[in-house]
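1. With the sequence up front, the predicted model follows.
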Amino acid sequence: MAFFVLMWGTVDLVSSSIGLIRLPSSRSIGADETGGSSSLSFEKGDQYFDSYYQSKMLSDRLWDSLARVLVGGMIFAYCRKTVEKMEKQA
């Protein structure tokens, strides 16, 4: 079970890292705004906030999966150490 959590965290960590790298920066979306009609400005603002919240969500996923990897790794290492100790006693 701990190995499953460890691998799940690792896959999620890699996925969120790639997502953060590939996400266009919110500054570049805001810089593209050149004026124009108010509806165009509103759409650019929506894109800015979508990008901002998407980066926040990916950042949260990154930290959650990092914590999952650390905790899962510690539990896996403890279980493996305990099993090896039991095998030596038997």
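-> On my side now, so go ahead.
2. avg pLDDT for the longest helix along the chain?
-> In the chain, assigned by DSSP state H, the helix with the most residues is helix 38-89. In this model, helix 38-89 has a mean pLDDT of 86.
3. helices or strands up against that helix?
-> Packing contacts for helix 38-89, counted by 3 or more CB pairs under 8 Å, 6 or more residues apart in numbering; DSSP states H and E, involve helix 2-22, helix 26-31. Placement of C-beta: from N, CA and C, glycine included.
4. Quick one: closest of the ones you listed to Tyr78.
-> helix 2-22 (8.3 Å; CB to CB).
5. Report the angle between the closest one and helix 38-89.
-> Here the directions of helix 2-22 and helix 38-89 differ by 150 degrees (axes from the mean of the first three to the mean of the last three CA atoms, to 10 degrees).
6. mind saving the C-alpha coords of helix 2-22 as CSV?
-> Output of helix 2-22 as CSV, limited to C-alpha atoms (Å, rounded to 0.1, in the frame of the first residue of the first chain):
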residue,chain,number,x,y,z
ALA,A,2,2.8,2.4,0.9
PHE,A,3,4.5,1.6,-2.4
PHE,A,4,1.3,2.5,-4.3
VAL,A,5,1.0,5.8,-2.5
LEU,A,6,4.7,6.5,-3.2
MET,A,7,4.3,5.8,-6.9
TRP,A,8,1.0,7.7,-7.1
GLY,A,9,2.8,10.7,-5.5
THR,A,10,5.7,10.4,-7.9
VAL,A,11,3.5,10.4,-11.0
ASP,A,12,1.4,13.3,-9.7
LEU,A,13,4.6,15.2,-8.8
VAL,A,14,6.0,14.8,-12.4
SER,A,15,2.6,15.6,-13.9
SER,A,16,2.2,18.8,-12.0
SER,A,17,5.8,19.8,-12.6
ILE,A,18,5.3,19.4,-16.4
GLY,A,19,2.0,21.3,-16.1
LEU,A,20,3.7,24.2,-14.4
ILE,A,21,6.5,24.3,-16.9
ARG,A,22,4.2,24.3,-19.9
